[in-house]
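> sequence unavailable; structure follows:
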Ligand code: THU
């Protein structure tokens, strides 16, 4: 797998920021956008989609994963998450960490930030240690 350059991560973060504009968040007023870089070079985006039955809310990261898988893509290289309404970089929730670990290699770069100048770069494995049970998938 080729290295994801910082320029590519910059472009991915821009796409995530762009995706946050599609957020449907009339309850929290907290927009989130995510952008996944697929192995084939394509970028798939997602936004958080809330519901008046609050627990049905889908986070941006999971929206992006489900959109990508639904369009036939399962090999992912990197993900960026943008939270423009926060004043610090907001990391993915626990549920999203589990879902991301289903498809991303542990070494995949994951970047989250509230703006271009306030970003944290880490990996899936760092965010979701002791990942297990991939062998159940057949
Ligand atoms: N949210 C995300 O979409 N991703 C995250 O990483 C954190 C939280 C959404 C869920 C809800 O719509 C809003 O942000 C506030 O929690």
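Arrived safely. Computed from a prediction, not measured in an experiment: that's the story for all the values here. Residues are numbered from 1 along each chain as shown.
> report pLDDT for the residue nearest the centre of the chain.
The chain has residue 61 as the residue nearest its centroid, 3.6 Å off, counting by Cα atoms, centre = their mean. You'll see residue 61 listed with a pLDDT of 98.
> which parts of the chain are helices?
Taking DSSP state H as the criterion, the chain carries its helices at 6-19, 60-70, 94-103, 124-127.
> export those to JSON lines and tack on distance to the ligand?
In short, each C-beta sits where N, CA and C put it, glycine included. Output for those, formatted as JSON lines (distance: least, Cβ to the nearest ligand atom, whole Å):
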{"stretch": "helix 6-19", "distance to the ligand": "10"}
{"stretch": "helix 60-70", "distance to the ligand": "4"}
{"stretch": "helix 94-103", "distance to the ligand": "6"}
{"stretch": "helix 124-127", "distance to the ligand": "11"}
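> most tightly packed of these?
Compared across these, helix 60-70 shows the largest average neighbour count, a mean of 21 (mean count of other Cβ atoms under 10 Å).
> how far does stretch 91-107 stretch from one end to the other?
Using Cα to Cα, to the nearest Å, the span of stretch 91-107 from its first residue to its last is 17 Å.
> rewinding a little: nearest to residue 43 among the helices of the chain would be which one?
Across the helices of the chain, residue 43 has its closest neighbour in helix 6-19 (5.2 Å, Cβ to Cβ).
> just want the angle from that closest one to helix 60-70.
Counting by axes from the mean of the first three to the mean of the last three Cα atoms, to 10 degrees, helix 6-19 lies at 100 degrees to helix 60-70.
> list the helices and strands helix 6-19 packs on?
If contacts are counted by 3 or more Cβ pairs under 8 Å, 6 or more residues apart in numbering; DSSP states H and E, helix 6-19 sits against strand 33-38, strand 43-47, helix 60-70, strand 76-82, strand 109-115.
> how far away is the nearest residue to residue 9 once chain neighbours are set aside from residue 80?
Setting aside the residues directly before and after it, residue 9 is nearest to residue 111 in space (Cβ to Cβ, 6 or more residues apart in numbering), at 5.5 Å. For residue 111, the distance to residue 80 equals 5 Å [Cβ to Cβ, to the nearest Å].
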